[in-house]
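> missing the sequence, but the structure's below:
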């Protein structure tokens, strides 16, 4: 193969779900069936869509799916890489409850909940430094996804919705292994990914370093108010994630946004191509060997980043940090949903449900528990906050600020019709096409760096993934989507949201006044200015009602210098809220729960006004580094020579 070098007791709190759910092929079945099918075909004869010769054929084509040469390559590459791991990154389910090969009261020395940026980085950094005979496990509620098998039709995307979106059962579990998790609350809807790799599976892969003055706000821990201390960790994360800037003027929508930047320059607008975590290659027919020795393919500019990359070009965590963890000996368990935990004498007991295939072609729910000396929550803003809220009791108390300072990161979504410049945002997924390239979902940044934080916004372009391009085309009255621009906005919304538990014990976000807030008026005004610069019409859609929409939920377990202000310290250690938080003379600061950490977007105490994945990654790199050099954990981790 030619390769291009590339730089009851224990019964968990859970929703009422049927014992047997609709069968969806697991990772090994997909690999076996799809790779076999691809091996028997060649070239473009796998393409299931009709030729795109006109508007009608384009619309009809988006309603069909099938294999393609790009999909077959992605599946084959992934299978080749997974051979060293026995077929996949995920460990066999039965090993989850196996004891350590030494007499300890816990089964794992370190247990990580979740597999997004914070969780994956923690696992990747801690595992290689574990002393012999020690064990690190990672629990992910979703399944392992094979690139080339992500949904690219609207019905398939809906089928992969984890929660019911409409009707009387709205909010109930639709598919416990669904890829898309949409929580709908009164003021805001939140989209996140569920699967091995978390939201990296369905994000736009934008990498931005947060503005330095964001950290200078007094609500941030003192140790982080100078961004210089975080710069080495930003650099390390950028290296591992393969960050690179997009080529200038690469697509129509980039050219349109550059025009906007020039038109608004006198008002302080700054335009630049975005830095992305994707792989580009000079030869699309050759695989690229990335820095973690995983095979990937160059981006074909299909516009389908948000529904999962079927080409193998997006640098999701299954291509970098998770293989690093797995290669070092971490055990990654998928289809395992954690519900709560309790503090024991010197360790933690974690309660979970595994959704495992049964003989009838469905899934059975198996309840169980496991134990760990160190527990790291990396389940995301809602997930980690929910676990702490569910688990607190008389013997396990947290800060009274738990659930506070939640923010949607100022996320907003807008649309422009009748742009006088072509945009061409309709995605075509992993199918060969003679159409103009759409580009990755986001390719540009338009911001106002000289404004104060309250007025500073970031506006990015967007594309419509193939699966929902038809629906958007109808709403925009432009089936080709050639003069429609999607705008994705971020800013500083005040972080006044609050997470609590509903009557069924699930996280809910409440934010009275958000819909009438000055920030919402600000971001809509900025969208209107972009529309005017393009000579088009700005409008917003109320698909899920008149709500804000966030794909960057942050906060709920905010960092602070003490438990009166936040839930964790700058290291991610969870404050002990007993008696309101005691001072620990031994560590020279507030007392924390031994061995309990949070490492994800939940710890950010404010909105950051940009895509947060790189900042979450840098904070996780720092937290892991501090854990490895903690003298109290010297018996667990080896020192570097």
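Cool, the structure landed. Since the model is a prediction, treat every value here as computed from it, not as a measurement. Numbering: from 1, shown residues only.
> Now name the helix or strand holding residue 617.
In this structure, residue 617 is located in helix 613-628 according to DSSP states H and E.
> ugh, wrong one, residue 337
Using DSSP H and E, residue 337 maps to strand 336-343.
> Buried residues in that strand, which are they?
Across strand 336-343, burial judged by 16 or more other C-beta atoms under 10 Å covers 336-341, 343. For glycine as for every other residue, the C-beta is placed from the backbone atoms N, C-alpha and C.
> the strands in the stretch 101-250 of the chain, which residues?
Along the stretch 101-250 of the chain, counting by DSSP state E, counting those that start in this stretch, strands occupy 108-113, 136-139, 180-184, 188-193, 244-245.
> Adding mean pLDDT, distance to residue 406 and mean neighbour count, write those strands out as CSV.
Converted to CSV, these look like this (pLDDT from 0 to 100; distance: least, C-beta to C-beta, whole Å; neighbours: other C-beta atoms under 10 Å):
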stretch, mean pLDDT, distance to residue 406, mean neighbour count
strand 108-113, 98, 19, 28
strand 136-139, 98, 24, 28
strand 180-184, 95, 12, 21
strand 188-193, 96, 10, 22
strand 244-245, 98, 32, 14
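> Any chance of TSV for the ones you listed, columns distance to residue 489?
Shown next, in TSV, are the strands of the stretch 101-250 of the chain (distance: least, C-beta to C-beta, whole Å):
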stretch	distance to residue 489
strand 108-113	31
strand 136-139	33
strand 180-184	19
strand 188-193	14
strand 244-245	21
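> mind checking which of those strands is nearest residue 221?
Proximity to residue 221 (C-beta to C-beta) singles out strand 108-113 among the strands of the stretch 101-250 of the chain, at 22.3 Å.
> what lines up beside that closest one in the sheet?
Sheet partners assigned to strand 108-113 using DSSP bridges are listed as strand 136-139 (parallel), strand 363-377 (parallel).
> Out of those, indicate the one that is most buried.
Burial of the strands paired with strand 108-113 is given as mean neighbour count (mean count of other C-beta atoms under 10 Å); strand 136-139 ranks first at a mean of 28.
> Identify the residue nearest the geometric centre of this protein.
The centroid of the chain falls nearest to residue 199 when counting by C-alpha atoms, centre = their mean (1.9 Å).
> Surely residue 431 touches residue 64?
No - in this structure, residue 431 is not within contact of residue 64 by C-beta atoms under 8 Å, at 9.8 Å.
> The stretch 301-450 of the chain: helices as residue ranges?
Applying DSSP state H, counting those that start in this stretch to the stretch 301-450 of the chain gives helices spanning 321-327, 380-391.
> so what's the residue nearest to residue 140 when sequence neighbours are not counted up against?
Spatial nearest neighbour of residue 140, excluding adjacent residues (C-beta to C-beta, 6 or more residues apart in numbering): residue 115 at 4.2 Å. By C-beta atoms under 8 Å, 6 or more residues apart in numbering, the contact set of residue 115 is 123, 138, 140, 195-198, 317, 322, 332, 378.
> Flag the shaky bits of the stretch 401-550 of the chain, pLDDT-wise.
In the predicted model, the stretch 401-550 of the chain carries pLDDT under 70 at residues 543-544.
> Cool, thanks, signing off.
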